[in-house]
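Enquirer: turn this into a structure:
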Amino acid sequence: MQDANVSKLNFEACQKCSICNEVCPMMAANPLYPGPKKAGPDQERYRLKDPEFYDYALKYCLGCKRCEVACPSGVQVSDLIQRARLQYAPASKHPLRDAMLANTDFVGTLASPFAPIVNEALPLRPVKAVLDGAFGIDSHRTFPKYSAEKFTTWFARHAKKAQEGFDRHVSYFHGCYANYNYPQLAKDFVKVMNAAGYGVHLLEKERCCGVALVANGFEKQAIRQAKVNIASMGKAVSKGEPVLTTSSSCTLMMSREYAEVLGLSTNGYRDSLSLACKWLYEKIESGEVKLKFRKDFRMKLSYHTACHMQRLGWQNYTIELLRMIPGVQLTVLDQNCCGISGTFGFKKEYYPYSQKVGSVLFQDIRTSNPQAVVTECETCKWQIEMSTGIPVLNPISVLAAAVE
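Expert: Alright, predicted model coming up:
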């Protein structure tokens, strides 16, 4: 890890009020986890005195950052825990599994050419049994499907040329999910931006944001990939283009964690990086953008504020943007963690905790009985769809369906 002053994470300001413990979803589900106050600022004092000090309970932290949202003193509790895990965590018992789950670009590149075969094979019981027994990936977990055509391939063939007909442009960080698993989301983004009067450019180079790499302990690789993204976003901003995303976790990682956890500078792009919904809402409110919506569009939706979206504090932009669409009946769910925490919920040893954490949210969704749940987090989508059977959409896809 690059040298960083631990005091910038403000652990000395901890008042031991335990509010962070009250909002921690893992404490309620797992008696083995001592809570963010102890795992974060309390134990940081021990770690400073003895670098070898490590509490095995740190592995249960979801990284949901609800503790940071709740802390009245601004202590970056979750970041303290994550940095301690990167520095002191013992080697994983499942290094190959963790590498597979963390290297989304690599796995996506391998899987896409064989997408029909991969999609048919992964749900089979013998395959699940092997993944469970040999790799430690829980047999109950369903995997997202892969697309035979990547978004970047589709964009180059069908959309790139048309984008130059626009006078104004945005740069798009599509992320791994929209590229390898669900290109329709990225296509919907292009449609909405074009309807708003903006052409879309892709970044000169893009790598996985690194959130899964950090969560699984691959710090050096995360730094290498982050530097590629930082340079590409900086070039886009230097051309006067904002960098827009459709994933709350990617956005949090690149806007905050590159600096707070990996010790990298984000000065060249941070103020110009935004989720597409926040950017669109501000443009519509200022009168710069006008969207026309279909008069026949009708949809009953429930909005789930993903944990990383709550940490960004941008959920109200999406909620108000959805309310602008005539025909949308919107329920805003209480903010409860879905429990998947990226790759956490795939791992056999954590799967029961993952489901228990998410149980409150699942029940709220069933009670609201929507046609679809809306959220900006792709892993929340996987967890909610698997656990409730209700489809989950990114708000950009809702806009794309509603726009005239």
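Enquirer: residues touching the residue positioned nearest the centre of the chain, list them.
Expert: The centroid of the chain falls nearest to residue 249 when counting by CA atoms, centre = their mean (2.3 Å). Listed by CB atoms under 8 Å, 6 or more residues apart in numbering, the contact partners of residue 249 are 209, 211, 306, 308, 342, 377-379. (Each C-beta comes from the backbone N, C-alpha and C, glycine too.)
Enquirer: spatially nearest residue to it, not counting backbone neighbours?
Expert: Closest residue to residue 249 apart from its sequence neighbours, by CB to CB, 6 or more residues apart in numbering: residue 308 at 4.8 Å.
Enquirer: gap between the one you found and residue 61?
Expert: Residue 308 is 14 Å from residue 61, where distance means CB to CB, to the nearest Å.
Enquirer: got phi/psi on residue 75?
Expert: phi -70, psi 130 (degrees, to the nearest 10).
Enquirer: and it, how far from residue 44?
Expert: According to CB to CB, residue 75 and residue 44 sit 10 Å apart.
Enquirer: can you list residues touching both of the two?
Expert: Common neighbours of residue 75 and residue 44, counting by CB under 8 Å, 6+ apart, are residue 11.
Enquirer: could you identify the most distant pair in the contacts of residue 249?
Expert: Using CB to CB, those reach their maximum pairwise distance at 209 and 306, which is 14.7 Å.
Enquirer: domain map for this protein?
Expert: Domain assignment for the chain by automatic domain parsing gives 6-88, 299-402.
Enquirer: distance from the first one to the middle of the chain?
Expert: Remark: domain 6-88 is offset 20 Å from the chain centroid, using CA atoms, centre = their mean, to the nearest Å.
Enquirer: which residues touch the closest residue to residue 79 other than its chain neighbours?
Expert: Leaving aside its chain neighbours, residue 79 sits nearest to residue 260 (4.9 Å; criterion: CB to CB, 6+ apart). Shown in contact with residue 260 (CB under 8 Å, 6+ apart): 9, 76, 79.
Enquirer: wait, the last one touches residue 71, no?
Expert: No. Counting by CB atoms under 8 Å, residue 79 does not reach residue 71; the two are 11.3 Å apart.
Enquirer: so where do the strands sit in the stretch 251-400 of the chain?
Expert: Under the criterion DSSP state E, counting those that start in this stretch, strands of the stretch 251-400 of the chain are mapped to 273-275, 299-303, 328-332, 372-374, 392-393.
Enquirer: ends of stretch 316-329, how far apart?
Expert: Its start and end residues considered, stretch 316-329 measures 16 Å (CA to CA, to the nearest Å).
Enquirer: for it, buried residues please.
Expert: Residues of stretch 316-329 classed as buried by neighbour count (16 or more other CB atoms under 10 Å): 317-319, 321-322, 325, 328.
Enquirer: buried sites along the lowest-mean-pLDDT helix or strand in the chain?
Expert: Every helix and strand in the chain was compared by mean pLDDT, DSSP states H and E; the lowest is helix 43-49, with a mean of 85. Buried residues in helix 43-49, counted by 16+ other CB under 10 Å: 43-44, 47.
Enquirer: may I have that helix as CSV, with CA atoms only?
Expert: Output of helix 43-49 as CSV, limited to C-alpha atoms (Å, rounded to 0.1, in the frame of the first residue of the first chain):
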residue,chain,number,x,y,z
GLN,A,43,-8.4,-1.5,16.7
GLU,A,44,-6.6,1.1,14.6
ARG,A,45,-4.9,2.2,17.8
TYR,A,46,-3.6,-1.3,18.3
ARG,A,47,-2.5,-1.6,14.7
LEU,A,48,-0.5,1.6,14.9
LYS,A,49,1.4,0.2,17.9
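Enquirer: hmm, who's touching it?
Expert: So helix 43-49 is in contact with 6, 11, 53-55, 58, 80, 84, 87-88, going by CB under 8 Å, 6+ apart.
Enquirer: pLDDT weak spots in this protein?
Expert: For the chain, the stretches with pLDDT under 70 are 1-8.
Enquirer: most distant residue from the middle of it?
Expert: residue 49 (33.9 Å).
Enquirer: how far away is that one from residue 43?
Expert: Counting by CB to CB - residue 49 and residue 43 are separated by 11 Å.
Enquirer: got it, and residue 229?
Expert: Applying CB to CB to residue 229 and residue 43 gives a distance of 31 Å.
Enquirer: do residue 156 as well
Expert: Residue 156 is 49 Å from residue 43, by CB to CB.
Enquirer: got it, and residue 211?
Expert: In terms of CB to CB, residue 211 sits 23 Å off from residue 43.
Enquirer: likewise residue 258?
Expert: 24 Å.
Enquirer: what's the answer for residue 174, then?
Expert: Applying CB to CB, the value for residue 174 to residue 43 is 38 Å.
Enquirer: and if you look at residue 114?
Expert: With CB to CB as the criterion, residue 114 and residue 43 are 45 Å apart.
Enquirer: could you do residue 218 as well?
Expert: The value you get for residue 218 to residue 43, if CB to CB is used, is 23 Å.
Enquirer: residue 16 too?
Expert: Distance from residue 16 to residue 43, by CB to CB: 13 Å.
Enquirer: go on, residue 172?
Expert: 40 Å.
Enquirer: again, but for residue 331
Expert: 39 Å.
Enquirer: re the thing from before, I'd like the buried residues of stretch 316-329 laid out as TSV, including distance to residue 26.
Expert: Putting these into TSV (distance: CB to CB, whole Å) gives the following:
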residue	distance to residue 26
317	28
318	26
319	26
321	31
322	30
325	35
328	33
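Enquirer: thanks again, I'm all set now.
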